[in-house]
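Colleague: any chance you can model this:
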Amino acid sequence: MQCVLVVDDNAFDRKIARDILAHSGFEVIEAGDGREGLRALYSRQPDIVVLDVLMPAMDGWVVCQRIRELSSVPIIMLTSLNREDDMVRGLDLGADDFLSKPISPAHLAARVRAALRRSHEPALAPGTDLYQDDLLSINVAEHRVMVGGHQVDLTPTEFRLLVALARHAGEVQAYARLLADVWGPEYVDDVDFLRVYVWRLRKKLEPSPGQPRWIVTERGFGYRFVRSGETGS
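Modeller: Numbers count the residues shown, from 1 in each chain. Presented below is the predicted three-dimensional model:
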């Protein structure tokens, strides 16, 4: 049985999470604050952590950072603040997913299953260079991306998103298709989630993120990977 650690100072929210996750077949460990959550993480080694942001003494940002210093366990953060700002900050600290409060029980269970599924997915199918031009190269077999001769450090999710775009270079890919391909069908309506990841990719890859060379927006529909020599307009 897979184990979920729920860290939240709100007893009612913990009960909602515990009840739906237990009903969904998970073992659930609860912690009422950040320090208790870290102790439970070290002693019980859960398969995934559901972590509230707003907690006294040690908030979720600090807990997330401490977890990432020692573990790659998937982390879903619960937030009631500005969601896009939270996602940017959480991704920088190593979070994997975000849910807004109040929690939808069914949504929580689906996202926990999806995060666990992704954490056990095999590496992308090997092959030769997926894409190469005078500046950018993407090598799936070696899980390596180079820009201007320098290796770029991408998270596994960022790499999956870049490969999903590059494998269909020249095609416009709808938001829902990218979300389903990279994160799973549970995410098809989470366009702001995709938008934040595309922004992060552009900052890491593009010489001028505000005027992207490779990853262009098709407003109201999706994104397109532009090969060298093609026009992004």
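Colleague: residues touching residue 94, list them.
Modeller: Contact partners of residue 94, counting by C-beta atoms under 8 Å, 6 or more residues apart in numbering, are 64-65, 67-68, 75. All C-beta spots, glycine's among them, are computed from the backbone N, C-alpha and C.
Colleague: what's the farthest-apart pair in those?
Modeller: Across the contacts of residue 94, the longest distance by C-beta to C-beta is 10.4 Å; it joins 65 and 75.
Colleague: next one: residue 116 relative to residue 163, how far apart?
Modeller: Per C-beta to C-beta, to the nearest Å, residue 116 is found 21 Å from residue 163.
Colleague: equivalent analysis for residue 113, please.
Modeller: Taking C-beta to C-beta, one finds residue 113 at 23 Å from residue 163.
Colleague: neighbour count for these two, which is higher?
Modeller: Neighbour totals were compared for residue 113 and residue 163, and residue 163 leads with 23 against 18 (other C-beta atoms under 10 Å).
Colleague: give me the helix or strand of this structure that scores worst on average pLDDT.
Modeller: strand 129-132 (a mean of 79; mean pLDDT, DSSP states H and E).
Colleague: give me the nearest residue to residue 195, chain neighbours excluded.
Modeller: Spatial nearest neighbour of residue 195, excluding adjacent residues (C-beta to C-beta, 6 or more residues apart in numbering): residue 84 at 7.6 Å.
Colleague: run a quick neighbour tally on residue 146.
Modeller: Using other C-beta under 10 Å, residue 146 has 15 other residues around it.
Colleague: pick out the residue nearest the middle of this structure.
Modeller: residue 96 (3.8 Å; C-alpha atoms, centre = their mean).
Colleague: show the pLDDT at that residue.
Modeller: pLDDT, residue 96: 93.
Colleague: hmm, it is touching residue 116, no?
Modeller: No: Residue 96 lies out of contact with residue 116 (C-beta atoms under 8 Å); the separation is 10.2 Å.
Colleague: since that was my last question, I'll sign off now.
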